[in-house]
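Asks: what's the 3D shape of this:
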Amino acid sequence: MIDKQSFLNELRELGISDPETLYSALENYQRILKEKNELINLISRQTSEEDFWYKHFLDSLLVLKCLDLSGKKVLDFGSGGGLPGIPIKLATPGCSMTLLDSVHKKAAAMTEMVSELGLKDCTVACARVEDYAIDVHFPIFDYILCRAVKMEPRFEEPLFSLLAAGGKLICYKAQSFEDIEGYRPQTLLIHDAEWGSRKIMSIRKKDLK
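Replies: Numbering: from 1, shown residues only. Okay, the predicted model is just below:
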């Protein structure tokens, strides 16, 4: 078990107004994620209790320290087990969240998780980002989150197409960010902790081309 009070303090530092309620919601998400993970490889099955809470949940939420996502349309690109999209949606009910993954089993698992968690205005799309951009037809997202996906040139056009005017790609990076150096990224946050280091970096829509 983790130290609940320490984690609640971490949530308070992120500006979470009701950390107790979010903690309970994350407990529920963890339970469901563990159940699904026994059937489908969403995250490592060797993930420790502490890593669930800090390396996945708290790490996902770090973006809230530098961005207000309330009222924004957000796409979680390569969401996998719902990270970072589901923790962010739990913390920011007022955002519109879309979880995108090209693997059918993962998308199906996320659909069940969204239903079991009772998340409103949170949808799951199963497609490659290239195909999803064609289906959507026009730019709609204020932010696209990219946490566990290495940026590749083939993603430039679809991500550009999906971002609204003034929209930004938000990248979670550890040590290396060579894959996004050419897009003139701006560092929004540097977070160093016992569980690891993280940089949150943004790329403007116009710099994707």
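Asks: mind checking which helix or strand Ala125 is in?
Replies: In the assignment (DSSP states H and E), Ala125 maps to strand 122-126.
Asks: I'd like to know the average pLDDT value across that strand.
Replies: What strand 122-126 shows for mean pLDDT is 97.
Asks: Not counting its own residues, what contacts that strand?
Replies: Strand 122-126 is contacted from outside by 79, 85-86, 89, 96-104, 107-108, 110-111, 114, 132, using C-beta atoms under 8 Å, 6 or more residues apart in numbering. The way it works is simple: take the backbone N, C-alpha and C, and place the C-beta from them, glycine included.
Asks: Go through that strand and flag the buried ones.
Replies: Cys122, Val124, Ala125, Cys126 (16 or more other C-beta atoms under 10 Å).
Asks: and the last one, bridged to which residues?
Replies: The partner list for Cys126 in beta bridges (DSSP bridges) reads Asp101.
Asks: Geometrically speaking, which residue is the centre of the protein?
Replies: Centroid-nearest residue in the chain, with C-alpha atoms, centre = their mean: Pro84, separated by 2.4 Å.
Asks: Please name the spatially closest residue to it (chain neighbours excluded).
Replies: Spatial nearest neighbour of Pro84, excluding adjacent residues (C-beta to C-beta, 6 or more residues apart in numbering): Ser60 at 3.1 Å.
Asks: Direction included, what does the longest strand along the chain pair against?
Replies: What stands out as the longest strand in the chain, according to DSSP state E, is strand 163-173. Each strand paired with strand 163-173, and its direction, by DSSP bridges: strand 141-146 (parallel), strand 196-204 (antiparallel).
Asks: can you tell which of those strands is closest to Tyr29?
Replies: Taking C-beta to C-beta, strand 141-146 is the member of the strands paired with strand 163-173 nearest to Tyr29, at 16.7 Å.
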